[in-house]
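>>> fold the following and give me the result.
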Amino acid sequence: MAAYWIAHVDVTDSEVYGEYAKLATEAIESHGGKFLARGGDYEVLEGSCRPRNVLAVFPSMEAAKQCYDSESYKKALSYSSRSSERDVILLEGV
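Modelled structure (predicted):
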């Protein structure tokens, strides 16, 4: 069953965050993930949201978790933690 990686992001340092994005893309794609939305226009219909939104799909929750726990993604996170505030969730598909 597919799983969705959903991130809501406030970028605080775009130069450093760019390095995160590069490394995260490599990690996500190497674990079978595919981006469905990355930034772009959005509209908040209820509640609040951060200004950058990312949606990736993985073949399974296990694949998404393996990606998040991987050494390659941990390296990407070292850049993210210095350049953004984020909320990230995994959501199992139906």
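>>> so which other helices or strands are in contact with the lengthiest helix in the chain?
Secondary structure assigned by DSSP state H gives helix 14-30 as the longest helix of the chain. Judged by 3 or more C-beta pairs under 8 Å, 6 or more residues apart in numbering; DSSP states H and E, helix 14-30 is in contact with helix 61-69, helix 71-80. To be clear about C-beta, it is placed using only N, CA and C from the backbone, and glycine gets the same treatment.
>>> dump those helices to TSV, plus mean pLDDT.
Compiled in TSV, these are given as follows (pLDDT from 0 to 100):
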stretch	mean pLDDT
helix 61-69	98
helix 71-80	97
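>>> now those helices as CSV including distance to Leu36?
Converted to CSV, the helices and strands packed on helix 14-30 look like this (distance: least, C-beta to C-beta, whole Å):
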stretch, distance to Leu36
helix 61-69, 13
helix 71-80, 18
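>>> so which of these comes closest to Ala37?
With distances scored as C-beta to C-beta, the stretch of the helices and strands packed on helix 14-30 nearest to Ala37 is helix 61-69 (15.8 Å).
>>> list the buried residues of that closest one.
Neighbour counts over helix 61-69 (16 or more other C-beta atoms under 10 Å) mark Met61, Ala63, Ala64, Cys67, Tyr68 as buried.
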